[in-house]
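> turn this into a model:
(one chain, ligands or ions: 1)
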Amino acid sequence: MKFGIEFVPNEDLDKIVERVKLAEEVGFEYAWITDHYNNKNVYETLALIAKETETIKMGPGVTNPYVRSPAISASAIATIDELSDGRATFGIGPGDKATFDALGIPWEKPVSTIKSAIADINTLLAGDKTETGAALGGVKAVQEHLPIYMGAQGPKMLETAGEIADGVLINASNPKDYEAALPLIKKGIDNAGKNVADFDVGAYTATSIGTDSEKAKNAAKIVVAFIAAGSPPMVIDRHGLPEGINEKIGACLGKGDFGGAIGLIDDDLLHAFSVAGTPDEFIPKVEGLAEMGVTQYVAGSPIGKDVEESIKLLGEVIAS
Ligand SMILES: C[C@H](OP(=O)(O)OC[C@@H](O)[C@@H](O)[C@@H](O)Cn1c2nc(=O)[nH]c(=O)c-2cc2ccc(O)cc21)C(=O)N[C@@H](CCC(=O)N[C@@H](CCC(=O)O)C(=O)O)C(=O)O
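Sure thing, here's the model as predicted:
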């Protein structure tokens, strides 16, 4: 199992860089930086990480094809590959409606849009010209093939990821989600005549680890509340959760009643939408994801009550 870690660039960048250096030290192989227009810029954050680290791979986890053209994204990730001496990796997903509504960008045909964006980015990174005549000149990726991952959850997006990407990052923390996702990804891999062994299935989880189980679980509750509220009925049903619990939690969040939302998060919801607890509680959960075909465990927010301590504890899980 490879291990990755996610950071949201909405806080002091020096702190994020220090945390990525600590993650590198304890054995993490990937640092994924989220990309939302209202946070600090993902590529400036990645550039700082590239200059301050030696071995960890890094990339957007995940950008989207609507806010930047494929040529701008190709130039940006090739620059990170140069700065990091060949450690860049590129995560791209369809983004979400709320973002594009706020930006006044029409969100159309996400599957086709991602397919054509990835095709152009691969063309440009290979040093070739796109159909419209775009070509990179003053920047060149170090890696022969810079790996491209897709953020995906929907069935078509998952199949597309298997078909055209080198890996997938799925926002899900429970083996049941991977039991449902793997056949779709495999269908795409088979369609493209690729080898499953070459494909990286990333579990982009809501992680909360600590020496005190209760405290670790409590730290995860608000994140779980947002995930549960955004989950469709099919996912609520998959995890055997009470029908309508997503709406109930969403209603609390909608009126800013975070205490009420957190009060609704029980162990079943924690188990469905996060990996939370002590290192000893973590190891069987990570093993359970591996049994379902997950090949990269990505520790996503909140990581833990004390992030530095949690990164070190995750180092114990990596070493186990
Ligand atoms: C579009 C959507 O795809 P989805 O994979 O479910 O999208 C949910 C998320 O993956 C998406 O919002 C991501 O961008 C969210 N996301 C992030 N989004 C961000 O904006 N920033 C981030 O940093 C970020 C990180 C992230 C990490 C992991 C991850 O899994 C997702 C992440 C969907 O509805 N897909 C369906 C329908 C697809 C569809 O629209 N089909 C149409 C059009 C077909 C066509 O396009 O040609 C049709 O069938 O007619 C499907 O896959 O079946």
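> the helices in this protein, which residues?
13-26, 42-52, 70-83, 97-103, 110-125, 155-164, 175-191, 213-229, 233-238, 245-254, 258-263, 267-273, 279-291, 307-319 (DSSP state H).
> quick check: residues of the stretch 51-200 of the chain near the ligand?
Neighbours of the ligand within the stretch 51-200 of the chain, by CB under 6 Å from any ligand atom: 61-62, 64, 93-96, 99, 109-112, 151-157, 169-171. (Each C-beta comes from the backbone N, C-alpha and C, glycine too.)
> hmm, back to that, now the helices of the chain as a markdown table including mean pLDDT?
Converted to a markdown table, those look like this (pLDDT from 0 to 100):
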| stretch | mean pLDDT |
| --- | --- |
| helix 13-26 | 98 |
| helix 42-52 | 98 |
| helix 70-83 | 98 |
| helix 97-103 | 90 |
| helix 110-125 | 98 |
| helix 155-164 | 98 |
| helix 175-191 | 97 |
| helix 213-229 | 96 |
| helix 233-238 | 95 |
| helix 245-254 | 95 |
| helix 258-263 | 96 |
| helix 267-273 | 97 |
| helix 279-291 | 96 |
| helix 307-319 | 97 |
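> nearest to Ala206, out of those?
helix 213-229 (4.7 Å; CB to CB).
> residue in the stretch 101-250 of the chain nearest to the ligand?
Closest to the ligand within the stretch 101-250 of the chain is Gly154: 2.3 Å, counting by CB to the nearest ligand atom.
> for that residue, grab the count of nearby residues.
A count of neighbours around Gly154, defined by other CB atoms under 10 Å, yields 13.
> please tell me the pLDDT value assigned to it.
pLDDT for Gly154: 94.
> over to Gly95?
92.
> phi and psi next, for the closest residue to it other than its chain neighbours.
Take Gly95 and drop its neighbours on the chain: the residue closest to it by CB to CB, 6 or more residues apart in numbering is Asn64, 3.4 Å away. Dihedral angles of Asn64 (phi, psi; degrees, to the nearest 10) stand at phi -150, psi 160.
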